[in-house]
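A.B. asks: Pasting a predicted model and its sequence here:
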Amino acid sequence: MRVLLVSANREQLPSPVVPLGVLYVAAAVRDAHEVRVVDLCFEDDPIAAVREAVAGFRPDVVGLGLRNLHDNTYGSSEPLLAYYADVAAAIRGAAPEAPLVLGGAAITLRPQDMLERLRAAHAVVGEGERAFRGLLDGLARGDRPERVIRAAAVRRDDLVDAEVLVRSARPPAPRESLDDLPEPARDLVDPRYFEVEGTDNVQTKRGCAFQCTYCGYPDLEGRKVRVRSPEAVADEMAARAKVPGVTHAFIVDSVFNVPRSHALAVCDALVARGAPLPWVCYVSPASLDEEVVAAMARAGCVGAEIGTDSGSPRVLERLRKPFTLDQVRRVREAFRRHGIADCHTFVLGAEDETVEEARATLAFVEELDPDVAVFVVFMEDREEHTIGRARHRQALLDLLAREAPRRPGWVVPELSIRFGPKVTRLVRRERIRGPAWVHLAKSRRARAAIAP
């Protein structure tokens, strides 16, 4: 069968993101099917590009990958959903006989809504490699698959307790090994991704056993953590370092440092290969100690993003965050000692957080003084929950509008405070390599070092 995979993501703020999921899916099916990828990120007219690709390839099946439900400014989701509907309509119009299959994070979070809105034949919920391959093979045999196909990893019959995982001496045994998956089809990547800031994506594990109330990662990848071989991860990083334009890696795991033993093993494998690329990752203050931070630094880590979320103990408890504010303070100091930039994200207004509690969070951020602090006002996207926004949304935005401009390193995407097209133009004009926030962090540290 001829299979056309369409990556619909066009977000370029603060920088474009390589569609790793689409590349994994392409690699998983192209041994049995003829596969082509059309990436709309850099297209001036994405609708025309889709029509041209469909007309030229004449696919038997079209897979439409949808990454986000809103853009990185966290404004209304409706413009993005309308764009997705236009892309889907263009596909249906150009290939009315080809089943349209939806996949990606946006579909996993809101499968029924998106399936009906985009008038698609099928939706793959969760990881697409095995599920989409099974769907294609079934269609080729003449089967009539279900409209919604759920990947094994996101079924709720295989939960792991997060506290046990954090303390574990060894990674959990995999139910389906990630090492059995083909490497992403990186030969299909548009090289323009690496012309902007030079960052490629690498994944060392999937799944998250934490139970943070608002987070979609367990819905996307399951609660069972499955890890890749540390040697395979290090080999992939070494190979990416040789690609023209690639200067940094972003480890896209939901939490790099859990399981702790796997994080240490990945760091050791990277050190054995000479720490081939500087890299950035997401971490949790849970299970993050001096030994892990030191290992990350030796392995080439230059930045860590932390979902601290709140400076209120009550709100942290309501959010089911698996750490305390004291742990956040200790992590901040460890990163400072080892020269790793830290970027903490704070979600205001979640779990009925009041404006006064939000003020306490701002006071905590001022005390913590991270290199970068990013503020988001809560928005719920998941279909199985009530879709909505923070109750005091405007008051919280007004508070941030007053306070954030006066604090270097505070970023509010929705208010375009140290975020937006102007920042992106600066990054491109100065040819800054690697995630832009890391350079903001470095400039803050440099100014602090010379301050009287």
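C.D. replies: It's in.
A.B. asks: Nearest residue to residue 366 in space, please, no chain neighbours.
C.D. replies: Spatial nearest neighbour of residue 366, chain neighbours left out: residue 407 (7.1 Å); criterion: CB to CB, 6 or more residues apart in numbering. No exception for glycine: its C-beta is placed from N, CA and C like everyone else's.
A.B. asks: count of residues packed around that neighbour?
C.D. replies: By other CB atoms under 10 Å, 15 other residues sit near residue 407.
A.B. asks: Phi and psi next, for residue 369.
C.D. replies: phi 50, psi 60 (degrees, to the nearest 10).
A.B. asks: Tell me the span between the first and last residue of stretch 241-261.
C.D. replies: 25 Å (CA to CA, to the nearest Å).
A.B. asks: Report the buried residues of it.
C.D. replies: Within stretch 241-261, the residues that count as buried by 16 or more other CB atoms under 10 Å are 241, 246-260.
A.B. asks: Which members of those occur in strands, if any?
C.D. replies: Here DSSP state E is the test, and these give 248, 249, 250, 251 as lying in strands.
A.B. asks: Which one of those residues is nearest to residue 90?
C.D. replies: Using CB to CB, residue 250 comes nearest to residue 90 of those, at 30.7 Å.
A.B. asks: Could you list the domains of this protein?
C.D. replies: Listed by automatic domain parsing, the domain ranges of the chain are 2-152, 162-450.
A.B. asks: will you turn those into JSON lines that also has mean pLDDT?
C.D. replies: Formatted as JSON lines, those follow (pLDDT from 0 to 100):
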{"stretch": "domain 2-152", "mean pLDDT": "93"}
{"stretch": "domain 162-450", "mean pLDDT": "88"}
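A.B. asks: So the residue nearest to residue 366 sits against residue 363, correct?
C.D. replies: No: using CB atoms under 8 Å, residue 407 is not in contact with residue 363, being 11.6 Å away.
A.B. asks: The residue nearest to residue 366 and residue 365, how far apart?
C.D. replies: Applying CB to CB, to the nearest Å, the value for residue 407 to residue 365 is 8 Å.
A.B. asks: Show me whatever sits in contact with both of the two.
C.D. replies: By the contact definition CB atoms under 8 Å, 6 or more residues apart in numbering, residue 407 and residue 365 are jointly contacted by residue 373.
A.B. asks: Can you name the residues bridging to residue 39?
C.D. replies: Residue 39 forms beta bridges with residue 7, as assigned by DSSP bridges.
A.B. asks: do the same with residue 199
C.D. replies: Listed by DSSP bridges, the beta-bridge partners for residue 199 are residue 248.
A.B. asks: and it, how many neighbours does it have?
C.D. replies: Residues lying near residue 199 (other CB under 10 Å) number 26.
A.B. asks: any idea how far it is from residue 86?
C.D. replies: 29 Å.
A.B. asks: Quick check: residue 373 touching residue 346?
C.D. replies: Yes: using CB under 8 Å, residue 373 is in contact with residue 346, at 6.4 Å.
A.B. asks: Give me the common contacts of the two.
C.D. replies: residue 365.
A.B. asks: where do the helices sit along the stretch 1-150 of the chain?
C.D. replies: Assigned by DSSP state H, counting those that start in this stretch, the helices in the stretch 1-150 of the chain fall at 20-29, 46-57, 78-94, 105-109, 111-118, 128-141.
A.B. asks: could these be laid out in CSV, adding mean neighbour count and distance to residue 224?
C.D. replies: Below are these laid out as CSV (neighbours: other CB atoms under 10 Å; distance: least, CB to CB, whole Å):
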stretch, mean neighbour count, distance to residue 224
helix 20-29, 24, 18
helix 46-57, 17, 36
helix 78-94, 17, 30
helix 105-109, 25, 16
helix 111-118, 18, 20
helix 128-141, 19, 15
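A.B. asks: Show me the one of those that comes nearest residue 234.
C.D. replies: For those, the distance to residue 234 is smallest for helix 20-29, at 17.5 Å, taking CB to CB.
A.B. asks: and the direction of that closest one versus that of helix 128-141, what angle?
C.D. replies: Using axes from the mean of the first three to the mean of the last three CA atoms, to 10 degrees, the inter-axis angle of helix 20-29 relative to helix 128-141 is 50 degrees.
A.B. asks: Which elements pack onto helix 20-29?
C.D. replies: Secondary-structure packing of helix 20-29 (3 or more CB pairs under 8 Å, 6 or more residues apart in numbering; DSSP states H and E): strand 2-7, strand 34-39, strand 61-65, helix 128-141.
A.B. asks: and the angle for it with strand 34-39?
C.D. replies: 170 degrees.
A.B. asks: chain center to helix 20-29, what's the gap?
C.D. replies: 16 Å (CA atoms, centre = their mean, to the nearest Å).
A.B. asks: same thing with stretch 357-367?
C.D. replies: Distance, centroid of stretch 357-367 to centroid of chain: 26 Å (CA atoms, centre = their mean).
A.B. asks: Same question for stretch 65-77.
C.D. replies: Centre-to-centre, stretch 65-77 and its host chain are 12 Å apart (CA atoms, centre = their mean).
A.B. asks: Same question for stretch 199-209.
C.D. replies: On CA atoms, centre = their mean, the centre of stretch 199-209 falls 8 Å from the chain's centre.
A.B. asks: What's the end-to-end length of it?
C.D. replies: 27 Å.
A.B. asks: can you check stretch 109-128 too?
C.D. replies: Per CA to CA, the first residue of stretch 109-128 is 14 Å away from its last.
A.B. asks: try stretch 344-352
C.D. replies: First residue to last in stretch 344-352 (CA to CA) measures 21 Å.
A.B. asks: For that stretch, which outside residues touch it?
C.D. replies: Residues from elsewhere that reach stretch 344-352, judged by CB under 8 Å, 6+ apart: 213-214, 305-311, 315, 318-319, 328, 332, 358, 361, 365, 368, 370, 372-378, 389-393, 396, 400.
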